[in-house]
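S.K.: got a structure for you, letters missing:
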């Protein structure tokens, strides 16, 4: 059987203020073409289909148009799990309708582990694959909050709850496998942060809970599963060095730090319980460039980029020793009339000063929620040792607001 493992599409994501609908649509077109070309029989999407819990109409149209096109492809099954950015209610609203098209959606854990166990059948109706489709596990899904609990206690309970949930679902699936066919491959999907996973600056990967206390050890997954298909981290990587336990990564770059990096989806081929993995490189649908240096170096880099006719989004980091009074004006003038769009200019000489002394002209509209919080940490001279805990607590509050839930109370 041939499958594709992908995740973290983040449909509706804005890149430094720019809409990405066209870029994301071209990726989905390419994915449909790859499914047809490779003869893919099942598609696994491990969370974060959308970028927000309230995606716009164009983002939803991309999603449903893609699913509609799959109906005429060789792909017999689609399995979609919810991520921390997704709205479980929105994903699951059309679940019964999509099931008639062999599109299986698990947006949230609801206390019924059988819901997360899927048996896929081949064209003759014979069992060919078992899947544990585990969505992003929210705090309320796996534990009861208690008054006065410490952050460490909460973190321990979260880790234990996540581990217990995976153990329960996997053991039920393995029991079903033994009843059907002991040689049936078992694939486990998940959306979480495994300890040791790598992130990149600005890639948008959120700490899911306070201080990263919910990061679970790779040993939390049973050894006898045949493939672990994870989402959440945007940089493709193996888990604990295992070629059959993987994050596929986001198919499109989420930050300028990923400019020039190869993005992938993963082609899986099963032969009995053996699973081989072949990365498929995702084409570049929107060029990115990040230039660093003094003014002459930046201007020379822009001149080189202007030789190529393809439109590119550009980040410019000024690292010169002298202050350039009209730096922004000079850099923008250099790209005028070209296919380049400068989305970010940073002057490293004044960056630290700006953090200490917020510019008078700067308004809340100019800042993201995280940037406002960082300003508060700086202006109140919070010690470095406390900042990580406060950042984690703030991330949890933001996540609770976005998901329409209240953050748990903590002891004073």
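M.R.: Perfect, thanks for sending it. No experiment lies behind these values; they were computed from the predicted model shown.

S.K.: the closest residue to residue 232 other than its chain neighbours: neighbouring residues, count only.
M.R.: With Cβ to Cβ, 6 or more residues apart in numbering as the criterion, residue 232 has its nearest non-adjacent residue at 5.0 Å, and that residue is residue 191. From N, CA and C alone the C-beta is placed, and that goes for glycine too. Burial of residue 191 is recorded as 25 neighbouring residues (other Cβ atoms under 10 Å).

S.K.: can you pull the contacts of residue 191?
M.R.: In this structure, residue 191 makes contact with 7, 46-48, 81-84, 134-136, 230-232, judged by Cβ atoms under 8 Å, 6 or more residues apart in numbering.

S.K.: and it, bridged to which residues?
M.R.: Beta-bridge partners of residue 191, counted by DSSP bridges, are residue 231.

S.K.: how close does it sit to residue 148?
M.R.: Distance, residue 191 to residue 148, using Cβ to Cβ, to the nearest Å: 30 Å.

S.K.: got it, and residue 6?
M.R.: Relative to residue 148, and taking Cβ to Cβ, residue 6 is found at 42 Å.

S.K.: same drill for these two, tell me which one is more crowded.
M.R.: When residue 6 and residue 148 are compared for neighbours, residue 6 comes out ahead with 22 against 9, by other Cβ under 10 Å.

S.K.: ok, and the closest non-adjacent residue to that one?
M.R.: Using Cβ to Cβ, 6+ apart and skipping residues adjacent in sequence, the residue nearest residue 6 is residue 265, 4.5 Å away.

S.K.: next structured bit after the helix or strand in which the one you found is found?
M.R.: Residue 265 belongs to strand 264-271 when elements are defined using DSSP states H and E. Moving toward the C-terminus from strand 264-271, the next helix or strand (DSSP H and E) is strand 274-281.

S.K.: pull the distance from that following strand to the chain's centre.
M.R.: 20 Å (Cα atoms, centre = their mean, to the nearest Å).

S.K.: what angle do it and strand 264-271 make?
M.R.: Orientation check (axes from the mean of the first three to the mean of the last three Cα atoms, to 10 degrees): strand 274-281 against strand 264-271 gives 160 degrees.

S.K.: strands of the stretch 301-412 of the chain, start to end?
M.R.: 312-318, 340-347 (DSSP state E, counting those that start in this stretch).

S.K.: nearest to residue 173, out of those strands?
M.R.: Counting by Cβ to Cβ, residue 173 lies closest to strand 312-318 out of the strands of the stretch 301-412 of the chain; the figure is 43.3 Å.

S.K.: and that closest one, which strands flank it?
M.R.: Partners of strand 312-318 in the sheet, by DSSP bridges, are strand 287-293 (parallel), strand 340-347 (parallel).

S.K.: adding secondary structure and distance to residue 334, write the contacts of residue 191 out as JSON lines.
M.R.: Rendered in JSON lines, the data for these read as follows (DSSP: H, G, I helix; E, B strand; the rest coil; distance: Cβ to Cβ, whole Å):
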{"residue": "7", "secondary structure": "coil", "distance to residue 334": "38"}
{"residue": "46", "secondary structure": "strand", "distance to residue 334": "42"}
{"residue": "47", "secondary structure": "coil", "distance to residue 334": "41"}
{"residue": "48", "secondary structure": "coil", "distance to residue 334": "36"}
{"residue": "81", "secondary structure": "strand", "distance to residue 334": "45"}
{"residue": "82", "secondary structure": "coil", "distance to residue 334": "44"}
{"residue": "83", "secondary structure": "coil", "distance to residue 334": "40"}
{"residue": "84", "secondary structure": "coil", "distance to residue 334": "40"}
{"residue": "134", "secondary structure": "coil", "distance to residue 334": "50"}
{"residue": "135", "secondary structure": "coil", "distance to residue 334": "47"}
{"residue": "136", "secondary structure": "coil", "distance to residue 334": "44"}
{"residue": "230", "secondary structure": "strand", "distance to residue 334": "42"}
{"residue": "231", "secondary structure": "strand", "distance to residue 334": "39"}
{"residue": "232", "secondary structure": "coil", "distance to residue 334": "38"}
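
S.K.: just the buried subset of the residues you listed, please.
M.R.: Burial by neighbour count, 16 or more other Cβ atoms under 10 Å: within the contacts of residue 191 this picks out 7, 46-48, 81-84, 134-136, 230-232.
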